[in-house]
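# task: produce atomic coordinates for the following.
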Amino acid sequence: MNKNMKCENHEKKEAVVTCSLCGTGLCQECHLKLVGRTYCQKCADEIVKEGAIIALRKLYEILEEKRKHHRVYALVSVEITPMGYEGMFLKGIMHNMSSGGMAVLCDKQISINEMVHLNFTLPGGEVLEQVQAGVIRSDRIGEKYNLGFIFMNMLEKQKVIDEFIFCSKKKKYSQDTANISNYLF
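Residues are numbered from 1 along each chain as shown. All right, here's what the predicted structure looks like:
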């Protein structure tokens, strides 16, 4: 450090240290220590912002890893036809979907292990008909039932659902990253 160096923020004070990143001279009052290194306020802020973004991305990754399949939250009308009751259908609202299944709010209860066919249109316009599914959850919530379905024998339909999940997650991750960046910067 140059002995005649002045503090970046106080022109009349002698610098006692320099910023580890940018080399700016800092007086005793202005320097900050982070993990044993000295920084100016601007560089310290950048390190903290970058660390926060990395931590939030890691948190999203950890939360997604806890589930077997990635989920997309969307409200989509669904027609449910219990197998063996062709021509009869129940109406429901899908509130989340993964490549493995979906959760639907419905007025009627359907027993666990019952097989059904689902008809619905994804937000992008893709129509899926006669999607075979099994009921794996049936919980009463007030006057409605929250039904969990696992997809069965998907074959060509699986590709459409997987593409929808992937595109939705990619779009959400991009928006979240932009929102985090806008907030922090």
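# drop to CA atoms for contacts and neighbour counts, all remaining ones
OK.
# what's the single longest strand in this protein?
strand 127-141 (DSSP state E).
# and that strand, what does it pack onto?
In this structure, strand 127-141 makes packing contacts with strand 115-121, strand 144-151, judged by 3 or more CA pairs under 8 Å, 6 or more residues apart in numbering; DSSP states H and E.
# just put those strands in CSV and tack on mean pLDDT, mean neighbour count and distance to residue 6.
Converted to CSV, the helices and strands packed on strand 127-141 look like this (pLDDT from 0 to 100; neighbours: other CA atoms under 10 Å; distance: least, CA to CA, whole Å):
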stretch, mean pLDDT, mean neighbour count, distance to residue 6
strand 115-121, 94, 19, 67
strand 144-151, 93, 21, 67
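# okay, these in CSV with distance to residue 88 next?
Shown next, in CSV, are these (distance: least, CA to CA, whole Å):
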stretch, distance to residue 88
strand 115-121, 11
strand 144-151, 18
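# before we move on, the earlier item: can you pull the buried residues of the longest strand of the chain?
131, 132, 133, 134, 135, 136, 137, 138 (16 or more other CA atoms under 10 Å).
# show me where pLDDT drops low in this protein?
The model of the chain has pLDDT under 70 over residues 1-2, 55-69, 155, 172-185.
# and if we set it to 80?
Along the chain, the model assigns pLDDT under 80 to residues 1-3, 35, 50-71, 85-87, 153-159, 169-185.
# so what's the gap between stretch 3-22 and the chain middle?
Remark: stretch 3-22 is offset 43 Å from the chain centroid, using CA atoms, centre = their mean, to the nearest Å.
# using PDB, write down the CA coordinates of that stretch.
Coordinates of the C-alpha atoms in stretch 3-22 are reproduced here as PDB (Å, rounded to 0.1, in the frame of the first residue of the first chain):
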ATOM      1  CA  LYS A   3       2.000   5.400   2.400                       C
ATOM      2  CA  ASN A   4       0.500   8.600   1.000                       C
ATOM      3  CA  MET A   5      -2.700   6.900  -0.100                       C
ATOM      4  CA  LYS A   6      -5.900   8.700   1.100                       C
ATOM      5  CA  CYS A   7      -9.300   7.100   2.000                       C
ATOM      6  CA  GLU A   8     -11.600   6.800  -0.900                       C
ATOM      7  CA  ASN A   9     -14.500   8.300   1.200                       C
ATOM      8  CA  HIS A  10     -12.600  10.800   3.300                       C
ATOM      9  CA  GLU A  11     -10.000  12.700   1.300                       C
ATOM     10  CA  LYS A  12      -8.300  14.100   4.400                       C
ATOM     11  CA  LYS A  13      -7.800  10.800   6.200                       C
ATOM     12  CA  GLU A  14      -4.900   8.500   5.500                       C
ATOM     13  CA  ALA A  15      -5.800   5.000   4.200                       C
ATOM     14  CA  VAL A  16      -4.800   2.200   6.600                       C
ATOM     15  CA  VAL A  17      -5.800  -0.700   4.300                       C
ATOM     16  CA  THR A  18      -6.800  -1.400   0.700                       C
ATOM     17  CA  CYS A  19      -9.800  -3.300  -0.500                       C
ATOM     18  CA  SER A  20      -8.900  -6.900  -1.300                       C
ATOM     19  CA  LEU A  21     -10.900  -6.800  -4.600                       C
ATOM     20  CA  CYS A  22     -10.500  -3.300  -6.100                       C
END
